[in-house]
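Peer 1: Can you look at this prediction? I've put the sequence above it.
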Amino acid sequence: MHGKRLSRLAQLMRDEALDGLAVIPGPNLFYLTGQSFHLMERPVVALFPIDAEPVMVLPAFERSKGQAIPYPIRLFTYDESDASRRPAFEAAIHHASLGKRRLGIEPLRLRFLEFSLLTEASPDTCLVAAGEVLARLRQTKDEAEVQAMRRAVQIAEEALERTLPLIRRGMTERELAAELVVQMLRAGSDTELPFPPIVASGPNSALPHAVPTNRALQAGDFLILDWGATYQGYISDLTRTFFLPPLDAELAAVHQIVLQANQAGRNAVQPGATAGAIDLAARRVIEAAGFGPAFSHRTGHGLGLEAHEPPYIRQDNSLALDPGMTFTIEPGIYLEDRGGVRIEDDVLVTQEGSASLSDALRDLRAVA
């Protein structure tokens, strides 16, 4: 598996005229090595030259983790002194023959710490953003990745069903978020969740990225739960909307519109369709109902090892979808000071069309 990924990386680097790639702890390093390293004050950098064996600079106490990488990789270690870092970086770059060459870096992740060490160790190495290489490397999932994501969805859905009977009036958003986290861990999620759950009640549900507060759940509230689990590093990201009786008729009608938009977006997914066309399919439903301005964000985003990664499902994205791409469909309508509705599913592009990885009931349900 990792051999195939390295071969694909090499081809992508050739396409972008790169001589190598530098990655730090995070999803890209995990994808390429199968090992999880901490992002900390002690730098860890792996270098993948296009025409030589990979090398890694890491603290001496992490050597055993580097040795567990399932293919040959040369390790260069340093001790606790800051002065020992530069020689390790110089030796690694020299061994990888990356002096006076084009080295791709992670544009959204590389810190000034690693940037400085790389440039000081080899001032004549040209560091260039490799965002396109990394996007193309990871945005099409293999069967093992898809199965891990399916399991992450199952865990999240099981946790939801365990949490719903525990919801009561007077419970705060924070208390409900904590309960949802506990249930995800009990259901089998990795301990590192993809993001803190969003629990937004009443007027707070009109905030797409609300943070759980000490607001107590009240009669008549609409309640948005946006949550996800992690399994073997791969994630799920789901949203469902509920209500605490009595039912607000206007928001119930809004929920039906969002449900139709969600279905339209999922129905539009197929190989060759553009990301922009998927966004438009969902957005047209909401606009036709007169709520266009209240749908204030894109229809979805890619997911896999990250909660937000390519492809991005927005109107201006002309990317054609390929089998194996995974992303969310999450239209919403948000009425300021009243409440909001969002319904989010995780979708896979297949050879024949698409499949929803999530199937938790989308209908509006009463809780508490």
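Peer 2: Sure, I can see it. Since we're looking at a predicted model, the values are computed, not measured.
Peer 1: hey, let's count contacts and neighbours off CA atoms from now on
Peer 2: Fine.
Peer 1: What is the burial count for residue 367?
Peer 2: 16 (other CA atoms under 10 Å).
Peer 1: Can you give me the distance of residue 117 to residue 127?
Peer 2: According to CA to CA, to the nearest Å, residue 117 and residue 127 sit 12 Å apart.
Peer 1: From the chain's centre, how far out is stretch 266-286? Work that out for me.
Peer 2: On the basis of CA atoms, centre = their mean, to the nearest Å, stretch 266-286 sits 20 Å off its chain's mean C-alpha point.
Peer 1: Please apply the same query to stretch 172-184.
Peer 2: For stretch 172-184 - counting by CA atoms, centre = their mean - the centre lies 21 Å from the chain centre.
Peer 1: who's in contact with it?
Peer 2: 155-156, 158-160, 162-163, 167, 197-201, 212-217, 229 (CA atoms under 8 Å, 6 or more residues apart in numbering).
Peer 1: hey, C-alpha coordinates of that stretch in PDB?
Peer 2: Provided in PDB are the C-alpha atoms of stretch 172-184 (Å, rounded to 0.1, in the frame of the first residue of the first chain):
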ATOM      1  CA  THR A 172     -26.900  22.800  28.600                       C
ATOM      2  CA  GLU A 173     -25.300  22.600  25.100                       C
ATOM      3  CA  ARG A 174     -22.000  21.900  26.700                       C
ATOM      4  CA  GLU A 175     -23.400  19.000  28.800                       C
ATOM      5  CA  LEU A 176     -24.900  17.500  25.600                       C
ATOM      6  CA  ALA A 177     -21.700  17.900  23.700                       C
ATOM      7  CA  ALA A 178     -19.800  16.100  26.500                       C
ATOM      8  CA  GLU A 179     -22.300  13.300  26.500                       C
ATOM      9  CA  LEU A 180     -22.000  12.900  22.700                       C
ATOM     10  CA  VAL A 181     -18.200  12.700  23.000                       C
ATOM     11  CA  VAL A 182     -18.400  10.000  25.700                       C
ATOM     12  CA  GLN A 183     -20.800   8.000  23.600                       C
ATOM     13  CA  MET A 184     -18.500   8.200  20.500                       C
END
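Peer 1: So which residues of the stretch 151-300 of the chain form helices?
Peer 2: 173-187, 249-267, 275-288 (DSSP state H, counting those that start in this stretch).
Peer 1: Let me have the ones you listed in JSON lines, extended by distance to residue 4, mean pLDDT and mean neighbour count.
Peer 2: Shown next, in JSON lines, are those (distance: least, CA to CA, whole Å; pLDDT from 0 to 100; neighbours: other CA atoms under 10 Å):
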{"stretch": "helix 173-187", "distance to residue 4": "32", "mean pLDDT": "98", "mean neighbour count": "20"}
{"stretch": "helix 249-267", "distance to residue 4": "31", "mean pLDDT": "98", "mean neighbour count": "20"}
{"stretch": "helix 275-288", "distance to residue 4": "27", "mean pLDDT": "98", "mean neighbour count": "22"}
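Peer 1: For residue 358, find the nearest of these.
Peer 2: For residue 358, the closest of the helices of the stretch 151-300 of the chain is helix 249-267, at 11.4 Å, according to CA to CA.
Peer 1: Any chance you could list what contacts that closest one?
Peer 2: 222, 278-286, 289, 329-333, 339-344, 347, 354, 356, 362-364.
Peer 1: Is the residue lying closest to residue 30 once chain neighbours are set aside in a helix, a strand, or coil?
Peer 2: Leaving aside its chain neighbours, residue 30 sits nearest to residue 36 (5.6 Å; criterion: CA to CA, 6 or more residues apart in numbering). With DSSP: H, G, I helix; E, B strand; the rest coil as the basis, residue 36 sits in coil.
Peer 1: Phi and psi next, for residue 36.
Peer 2: When read as degrees, to the nearest 10, the backbone of residue 36 gives phi -100, psi 120.
Peer 1: Can you check the pLDDT for it?
Peer 2: Confidence at residue 36, expressed as pLDDT, is 95.
Peer 1: quick one: contacts for it?
Peer 2: Contacts of residue 36 by CA under 8 Å, 6+ apart are 25, 26, 29, 30.
Peer 1: try residue 107
Peer 2: The contact partners of residue 107, by CA under 8 Å, 6+ apart, come to 129, 130, 131.
Peer 1: can you tell me which of these are in helices?
Peer 2: Residues of the contacts of residue 107 located in helices (DSSP state H): residue 131.
Peer 1: which of the contacts of residue 107 count as buried?
Peer 2: The neighbour count (16 or more other CA atoms under 10 Å) marks 129, 130 as buried among the contacts of residue 107.
Peer 1: out of the contacts of residue 107, who's nearest residue 246?
Peer 2: For the contacts of residue 107, the closest approach to residue 246 (CA to CA) belongs to residue 131, at 48.8 Å.
Peer 1: Go ahead and confirm the closest one touches residue 110.
Peer 2: No. Taking contacts as CA atoms under 8 Å, residue 131 lies outside contact range of residue 110: 11.3 Å.
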